[in-house]
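1. Need the 3D shape of this:
(2 chains)
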Amino acid sequence: MFYLLFVLFAGTLVYLSIAERFRSYAKLIAVQGFLLFAIALIELKTVNLASLIFVLAETLIFKAIVVPHFLFRIINQTKVYRVHPKAFPAFYSLLFTMAGLFMSIILSNMLKNPSLDAVFLTIALFTLFTGVLLIITHRRIFSHMVGFLVVENAVFFFSLAVGSEMPMLINIGILLDIFVSVLIIGVLMNRIGTQFSDLESDNLTSLKH
Amino acid sequence: MTMLIVRRLLLTRWLMLLFVLIQWFFNGYVLLHAGQTELSYFTYDPAGVLFLGLLTLISTAAVIQGFPYFVSQLNKRFSYYYAALTGLIAAMTGAYMANDITLVWILVEATTLTASVLIYSERTLHALEATWKYIFICSVGIALAYMGILFLSLSMKGTGLHDLSFAGLTSVAHRLDPIYLKIAFLFVLTGYSTKMELFPMHTVGIDANSVALPPVGALISTGLVNLGFLSIFRVYKALSDSPIFVWMNKVLILAGVLSVLVAAGYMLKAKHTKRMLAYSTLENMGLVAIAIGIGGIGYYAAFLLLVLHALTKSSLFFQVGQMGRVLGTYKLDDSGLYLKLFPTGAIALLIGMLAILAIPPSGLFVSEYLILKALVAGKSWFVLILVLILLCCVIYALSTRVLHLLFSHPRENAGIHTQGTVGRWETISQFIFLMVVVGACFYQPPFLKDIINQIIAGLPNY
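-> Below you'll find the predicted structure:
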């Protein structure tokens, strides 16, 4: 069951690399939120009850509901529904993502640790790579935002691996979630959406020299 | 919170001055209780004491220098500005004293929040762009730093240690897996380079400084940069007993050289005064990283450079802010004849330029001389020659631009249209800071030498 959740999570990352509609991005972020909730529920058996409830509530509320809701709101307000026409082609994006998956497998084998499941590390590294790829290869701010949310999921994933011994680390990861979801998405993207209707990152290149 | 609720400008100013007074009292308290730990998570160690003292000095001047930018009661932005300024100074104060890696991370994240409000205080399109870039790249950086913390905690599994205090990490560093430590250090360095304005994630500081009000730029380029450095240095010092010490030094030297290279390159193209100063910060932080990487006398030189750079750079930002009020622009092509328009400020700018370029009698000359001496002692000939060439480019770039500002007519416009006036008394803090920097060329007070020696004691190669 546990590994099924990992496979599904990896599947969402592959889908993210080829999706071109922003609504798909928002839905995939919501699915990832639910999957992380399930993984946290299974993985964090040894932490105290209060911490466990806090982590689960945060994962479900912020990652699976609040953040995707913000993303849908921004899509509806800005009426920008797709990636940039000159965006990195989906086929090459998929190739790079697969390369990232293989690199993650190789790296996690090199970083073998008896106290850490290799599959956990593989998925965390793969998530980090996919998020960074989204940020680098896309031109719209919305895509950059989604890429950052994926990077955050990687960080959260990894924090679950060490969470049983240091539950405060997970709480700190949650802090990052709240910071990102409330401030960046809620406030700033609204402002940018008001000023620049097409959300192109090229609009934010006037600061030079 | 109080600053957000209070909507009267005069009352807000008095509250800010009260906050500054409290900051001074806290500074005194920390000095009297140096070495002690309070609330389990805050230790008044020598590094924290040194940087807190600098922050108190500079924030006092920054608060007072910020008053002329908000003169109208009708504009309500001042409440957000002063609230964020209070939050930023408080977060930096806490982070300097924190003895736990995770608490440092939380407080550094708080500085991102508060600094972004300050950067956006003008509410222009440029401010929006700079704020978005600042928050986005800092958030990515913070996430990467957090990955580094997770790798550290993962490597510490099985040691019996359940906290991430720097003291705890120091005690077990020699037993930890080198591969995990290398990955952790790389992530931490990359993540906190957003705050230290060091390569690779230095760009946030450049854009932020070019848009933010000059007093905010002064705080970002000094207090926040010192915080980024301290966050990296504490991890570096904790891992100095581990097998990766030599490797960490190489990484720091590489990051430092690349920082100086990027700074020199962009400074030669700079057309905006605040941006030019931001590139100068990048160059100086590159030198600090090289100094730490080379070790030996370089450790002392790094901290001396940080102290004197903070005083010089803050003076320059304050003066450039006043220049902006006099000339009505920060663009170099539209500026000129500053010596004629505001002689007192022009003299401060000229002394500041000499100081930041480490031209004697600047105290920065002593620190940079010691860094070069450390490079010679370490037989790093390639780094030495490269740094010397790049420093020549920096001297050329900065001096031509500042001398143009002072003596030449503007390139673009037919003449200068003076926008405003600045009182001579507003330059007092700048001259005080610059005189300290000049004095440091001839005499470094024993308390400063002692505190730096205490910070670097215990480091290998020292």
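2. Now do the strands in chain B.
-> B:37-38, B:42-43 (DSSP state E).
3. what's the most buried one of these?
-> Among the strands of chain B, strand B:42-43 has the highest mean neighbour count (mean count of other C-beta atoms under 10 Å in any protein chain shown), at a mean of 20. Where C-beta positions appear, they are placed from N, C-alpha and C, glycine not excepted.
4. Give me the helices and strands touching it, please.
-> helix B:77-97 (3 or more C-beta pairs under 8 Å, 6 or more residues apart in numbering or on different chains; DSSP states H and E).
5. So the helix it packs on, near chain A or not?
-> No - figure legend: helix B:77-97 not in contact with chain A (C-beta under 8 Å from any C-beta of the partner chain); closest approach 12.3 Å.
6. Any buried residues in that helix, and which?
-> In terms of neighbour count (16 or more other C-beta atoms under 10 Å in any protein chain shown), helix B:77-97 has its buried residues at B:78-97.
7. can you pull out the helices in the stretch 351-462 of chain B?
-> B:363-377, B:381-407, B:428-442, B:446-456 (DSSP state H, counting those that start in this stretch).
8. how far out from the middle of the chain is the shortest one?
-> To tie it back to what came earlier, the one meant is helix B:446-456. Helix B:446-456 has its C-alpha centroid displaced from the chain centroid by 20 Å (C-alpha atoms, centre = their mean, to the nearest Å).
9. I'd like to check the angle between it and helix B:428-442, please.
-> Angle, helix B:446-456 to helix B:428-442, by axes from the mean of the first three to the mean of the last three C-alpha atoms, to 10 degrees: 80 degrees.
10. quick revisit: which stretch among the strands of chain B comes nearest residue A:127?
-> strand B:42-43 (34.6 Å; C-beta to C-beta).
11. pLDDT averaged over that closest one, what's the number?
-> For strand B:42-43, mean pLDDT rounds to 93.
12. contacts for that strand?
-> B:35-37, B:94, B:97-99 (C-beta atoms under 8 Å, 6 or more residues apart in numbering or on different chains).
13. can you tell me which two in the residues you listed are farthest apart?
-> B:35 and B:94 (18.0 Å).
14. returning to what we had before: turn the contacts of strand B:42-43 into CSV, columns for pLDDT and distance to residue A:159.
-> What follows is the contacts of strand B:42-43, written out as CSV (pLDDT from 0 to 100; distance: C-beta to C-beta, whole Å):
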residue, pLDDT, distance to residue A:159
B:35, 89, 33
B:36, 91, 32
B:37, 92, 27
B:94, 95, 23
B:97, 95, 25
B:98, 94, 20
B:99, 92, 21
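15. Give me the buried stretch members for the strand or helix carrying residue A:99, please.
-> Following DSSP states H and E, one finds residue A:99 within helix A:90-110. By 16+ other C-beta under 10 Å, the buried positions in helix A:90-110 come out as A:93, A:96-97, A:100-101, A:104-105, A:108.
16. could you dump these to TSV with distance to residue B:132 and pLDDT?
-> What follows is the buried residues of helix A:90-110, written out as TSV (distance: C-beta to C-beta, whole Å; pLDDT from 0 to 100):
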residue	distance to residue B:132	pLDDT
A:93	24	89
A:96	26	92
A:97	26	92
A:100	27	92
A:101	31	93
A:104	30	92
A:105	35	92
A:108	34	87
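17. Of these, just say which sits nearest to chain B.
-> Among the buried residues of helix A:90-110, residue A:108 lies closest to chain B (C-beta to the nearest C-beta), at 11.9 Å.
18. follow-up on the earlier one: dump the C-alpha coordinates for the helix holding residue A:99 into CSV.
-> The C-alpha trace of helix A:90-110 is given here as CSV (Å, rounded to 0.1, in the frame of the first residue of the first chain):
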residue,chain,number,x,y,z
ALA,A,90,6.2,18.5,-23.5
PHE,A,91,8.1,15.7,-25.2
TYR,A,92,11.5,17.0,-24.1
SER,A,93,10.1,17.9,-20.7
LEU,A,94,9.2,14.2,-20.3
LEU,A,95,12.6,13.1,-21.5
PHE,A,96,14.3,15.3,-18.9
THR,A,97,11.9,14.1,-16.2
MET,A,98,12.7,10.5,-16.9
ALA,A,99,16.4,11.3,-16.8
GLY,A,100,15.7,12.9,-13.5
LEU,A,101,14.1,9.8,-12.3
PHE,A,102,17.0,7.6,-13.3
MET,A,103,19.4,10.1,-11.7
SER,A,104,17.4,10.0,-8.5
ILE,A,105,17.6,6.2,-8.4
ILE,A,106,21.3,6.3,-8.9
LEU,A,107,21.8,9.0,-6.3
SER,A,108,19.7,7.3,-3.7
ASN,A,109,21.7,4.1,-4.2
MET,A,110,24.9,6.1,-3.6
